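>>> Any chance you can model this:
(chains A, B and C)
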Amino acid sequence: MSDLEARLSQVEERLKITEDELELRNLMVRYGFAVDCGDVEAALACHSENATYTVSSPTAGRDDYDSADLRLNGHQAIADMLKSEMHQSLIPNCAHTVGPFTIELNGDKARATGYSRLYHRQEDDFNLMRLAVNEWHFLRSASGWLITDRESRLIGELEAKILMSRAAFYPAIYKKLIRNAR
Amino acid sequence: MSDLEARLSQVEERLKITEDELELRNLMVRYGFAVDCGDVEAALACHSENATYTVSSPTAGRDDYDSADLRLNGHQAIADMLKSEMHQSLIPNCAHTVGPFTIELNGDKARATGYSRLYHRQEDDFNLMRLAVNEWHFLRSASGWLITDRESRLIGELEAKILMSRAAFYPAIYKKLIRNAR
Amino acid sequence: MSDLEARLSQVEERLKITEDELELRNLMVRYGFAVDCGDVEAALACHSENATYTVSSPTAGRDDYDSADLRLNGHQAIADMLKSEMHQSLIPNCAHTVGPFTIELNGDKARATGYSRLYHRQEDDFNLMRLAVNEWHFLRSASGWLITDRESRLIGELEAKILMSRAAFYPAIYKKLIRNAR
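Alright, predicted model coming up:
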């Protein structure tokens, strides 16, 4: 292999990592649009078939407050949640805005950590109902990146602190990838 | 054309798409700074000469509430709006924060969809006056990407739902571009 | 140098700029996680040893309001601030969410400008205590990009307007870099 070809191969590998990061950023935002416009099919298309979703205090900010975790497994459970009274009662007056994120790529897997806010419009007021930290895991599939696992923890909970701690340090594996590629 | 040159050409094309996406992300945020610091010239420099801007409920959250759409066409109309009492009365106590976004490139055109929030500082309080969904259209010019059209719809409006629906699915054309390039 | 090698060198240079921008975006968010989960070591690892940090109205939104600027110089001063009662009293019920940003690269230096919000959870309410504009300066080090200077100015202050003005126009030097590279 020529020197030029080796350099080109490195560039191709580095560029793929860059494209992956941008695709993941778009994916998380598309998921937010899907749940806010009530498009269950589009929301499921963001997830692998066996995707899991864990939410602490899912009804925070509402009258029927429940401190138990909500645990969803797979497309059917996610669809049921999106079609539930809990979610439907917010549409179309809600905005799930996600980010900012850190993103860490590791080949065909990736992890993102980021804040999320759930706003609810009531007349002319926009109320911040929920502020959480989320850890997202992804897998590359034939049709692009998919969410495989997501954990959402309310600010103030010990679990939220744990998720942030995992993302606060620049991950050694990503550093290595970048360094090798350069 | 050698195999190496073909690979290099593909890399150049993919890299351009990546650079375009980052430039568009910066452009939308620069526009926010321009309106918040009252720099009309900088705000116009983000727009094509014939740029259009449609805003529903432009005075939401204010006493002079008007539910009719505001429709602006071209630099002069945008400048007039930025110099108007409606906008000037908020400066310097406002923050137009945009995002998160999805971005879809298509050659020399692009579309972004994202949330936006308008905060107004009153004494020590920061009030969320407006929460909207925005669809931005862009055109590549000799001096970089420019906003050609923007539509801003308040959360809760049917039009907001339509804008989110358009962005919730990963656009086939972008997928195709990426796939061809790889 | 062959034509192919010249093109490849240009691609390598452009790709590095793209990777730098994404790394800087991740760095600023990691810093937010570090301060919210109380990881002083991780927060310092985001900064150069002589990093400076200037904050106007650091106690805005609190009872002990002080309008004087807080000026920190170096790791020890930043660590002291993070360990202070002022910061510790918020943990774990705070979220420092940063962005959106503009990012301008200039070789081994970079500047970002962006909004930031400090939320404080009190029971089931999430209060926006602080909304500011920040200018971040960075230097490339052997172990990656580091924050060298940060200035945070409350929305409404003249200094906030100045920071936004500097970022509102697309910087000529970055344009030139991009143009040369293409």
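>>> A:Glu23 and A:His96, how far apart?
From A:Glu23 over to A:His96 the distance is 20 Å, taken as Cβ to Cβ, to the nearest Å. All C-beta spots, glycine's among them, are computed from the backbone N, C-alpha and C.
>>> Give the helix, strand or coil label for A:Leu90.
Three-state assignment for A:Leu90 (DSSP: H, G, I helix; E, B strand; the rest coil): coil.
>>> Around the closest residue to A:Leu118 other than its chain neighbours, how many other residues sit close by?
Among residues not flanking A:Leu118 along the chain, A:Arg130 sits closest, at 3.9 Å (Cβ to Cβ, 6 or more residues apart in numbering or on different chains). A count of nearby residues for A:Arg130, using other Cβ atoms under 10 Å in any protein chain shown, gives 22.
>>> okay, which residue is most central for chain A?
Centroid check for chain A by Cα atoms, centre = their mean gives A:Trp136 as the closest residue, at 4.3 Å.
>>> Check whether the one helix or strand A:Gln10 maps to comes near chain B.
Per DSSP states H and E: A:Gln10 is located in helix A:3-37. Yes: with Cβ under 8 Å from any Cβ of the partner chain as the criterion, chain B is reached by helix A:3-37 at A:4-5, A:8, A:11-12, A:15, A:18-19, A:22, A:25-30, A:32-34, A:36-37.
>>> one step back: the residue nearest to the centre of chain A is in contact with A:Thr113, isn't it?
Yes: applying Cβ atoms under 8 Å, one finds A:Trp136 in contact with A:Thr113, separated by 7.5 Å.
>>> can you pull out the helices in chain A?
Along chain A, the stretches classed as helices by DSSP state H are A:3-37, A:40-45, A:74-83, A:85-88, A:158-168, A:172-181.
>>> remind me, longest strand of chain A?
Secondary structure of chain A per DSSP state E: the longest strand is strand A:125-141.
>>> how much distance is there from that strand to the middle of the chain?
6 Å (Cα atoms, centre = their mean, to the nearest Å).
>>> What residues does chain A have near chain B?
A:2, A:4-5, A:8, A:11-12, A:15, A:18-19, A:22, A:25-30, A:32-34, A:36-39, A:42-43, A:45, A:92-95, A:97-99, A:119, A:121, A:124, A:126, A:128, A:143-144.
>>> ok, for the residue nearest to the centre of chain A, nearest residue in space, not its chain neighbours?
A:Trp136 sits nearest to A:Ala112 (Cβ to Cβ, 6+ apart), 4.4 Å away.
>>> wait, what's in contact with that neighbour?
A:Leu24, A:Met28, A:Phe101, A:Thr102, A:Ile103, A:Glu104, A:Asn134, A:Glu135, A:Trp136, A:Phe138 (Cβ atoms under 8 Å, 6 or more residues apart in numbering or on different chains).
>>> The same query, at a cut-off of 6 Å, please.
A:Phe101, A:Ile103, A:Trp136 (Cβ atoms under 6 Å, 6 or more residues apart in numbering or on different chains).
>>> Same check on A:Glu159?
A:Arg153.
>>> What residues does chain A have near chain C?
Within chain A, the positions lying close to chain C (Cβ under 6 Å from any Cβ of the partner chain) are A:7, A:11, A:14, A:18, A:21, A:61, A:100, A:102, A:115, A:128, A:131, A:155-156, A:161, A:164-165, A:167-169.
>>> Of these, which count as buried by neighbour count?
Using 16 or more other Cβ atoms under 10 Å in any protein chain shown as the burial test, these include A:11, A:14, A:18, A:21, A:61, A:100, A:102, A:115, A:128, A:131, A:155-156, A:161, A:164-165, A:167-168 as buried.
>>> Turn the contacts of A:Ala112 into CSV, columns for pLDDT and distance to B:Lys83.
Output for the contacts of A:Ala112, formatted as CSV (pLDDT from 0 to 100; distance: Cβ to Cβ, whole Å):
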residue, pLDDT, distance to B:Lys83
A:Phe101, 97, 37
A:Ile103, 97, 40
A:Trp136, 98, 43
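>>> residue contacts, A:Thr54?
By Cβ under 6 Å, 6+ apart, the neighbours of A:Thr54 are A:Asp69, A:Arg71, A:Glu151.
>>> next one: A:Asn127
Taking Cβ under 6 Å, 6+ apart as the test, what A:Asn127 contacts is A:His120.
>>> go on, the one 10 residues further on?
Taking Cβ under 6 Å, 6+ apart as the definition of contact, the neighbours of A:His137 are A:Arg111, A:Thr148, A:Asp149.
>>> Poorly predicted segments of chain A, please.
Residues of chain A meeting the criterion pLDDT under 70: A:1, A:60-66, A:170-182.
>>> how far is stretch A:100-107 from where the chain is centred?
10 Å.
>>> Nearest to C:Leu82 among the contacts of A:Ala112?
Taking Cβ to Cβ as the measure, C:Leu82 sits nearest to A:Phe101 out of the contacts of A:Ala112, at 22.4 Å.
>>> I figured the closest one was touching A:Arg111, is that so?
No: contact criterion Cβ atoms under 6 Å: A:Phe101 and A:Arg111 do not qualify, at 9.9 Å.
>>> out of those two, which sits in the more crowded spot?
Neighbours were tallied for A:Phe101 and for A:Arg111 using other Cβ under 10 Å; the higher tally belongs to A:Phe101 (25 against 20).
>>> The more buried one pairs with what?
In this structure, A:Phe101 bridges to A:Gly114 when assessed by DSSP bridges.
>>> That one and A:Gly156, how far apart?
Counting by Cβ to Cβ, the gap from A:Phe101 to A:Gly156 is 20 Å.
>>> about what we covered before: for the helix holding A:Gln10, enumerate the helices and strands it packs against.
Secondary-structure packing of helix A:3-37 (3 or more Cβ pairs under 6 Å, 6 or more residues apart in numbering or on different chains; DSSP states H and E): helix A:40-45, strand A:94-106, strand A:144-154, helix A:172-181, helix B:3-37, strand B:94-106, helix B:158-168, helix C:3-37.
>>> Output the third one as PDB, restricted to C-alpha atoms.
Right, strand A:144-154. The C-alpha trace of strand A:144-154 is given here as PDB (Å, rounded to 0.1, in the frame of the first residue of the first chain):
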ATOM      1  CA  GLY A 144     -28.100   4.300   9.900                       C
ATOM      2  CA  TRP A 145     -27.700   4.900  13.600                       C
ATOM      3  CA  LEU A 146     -30.400   3.800  16.000                       C
ATOM      4  CA  ILE A 147     -31.100   4.400  19.700                       C
ATOM      5  CA  THR A 148     -30.700   1.200  21.600                       C
ATOM      6  CA  ASP A 149     -31.000   2.400  25.200                       C
ATOM      7  CA  ARG A 150     -31.900   5.700  26.800                       C
ATOM      8  CA  GLU A 151     -31.900   6.600  30.500                       C
ATOM      9  CA  SER A 152     -33.500   9.900  31.600                       C
ATOM     10  CA  ARG A 153     -32.900  11.100  35.200                       C
ATOM     11  CA  LEU A 154     -34.300  14.200  36.800                       C
END
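>>> and it with strand A:94-106, angle?
Using axes from the mean of the first three to the mean of the last three Cα atoms, to 10 degrees, the inter-axis angle of strand A:144-154 relative to strand A:94-106 is 120 degrees.
>>> could you give the angle of strand A:144-154 to helix A:74-83?
50 degrees.
>>> Sheet partners, orientation included, of strand A:144-154?
Paired neighbours of strand A:144-154 in the sheet (DSSP bridges): strand A:47-55 (parallel), strand A:125-141 (antiparallel).
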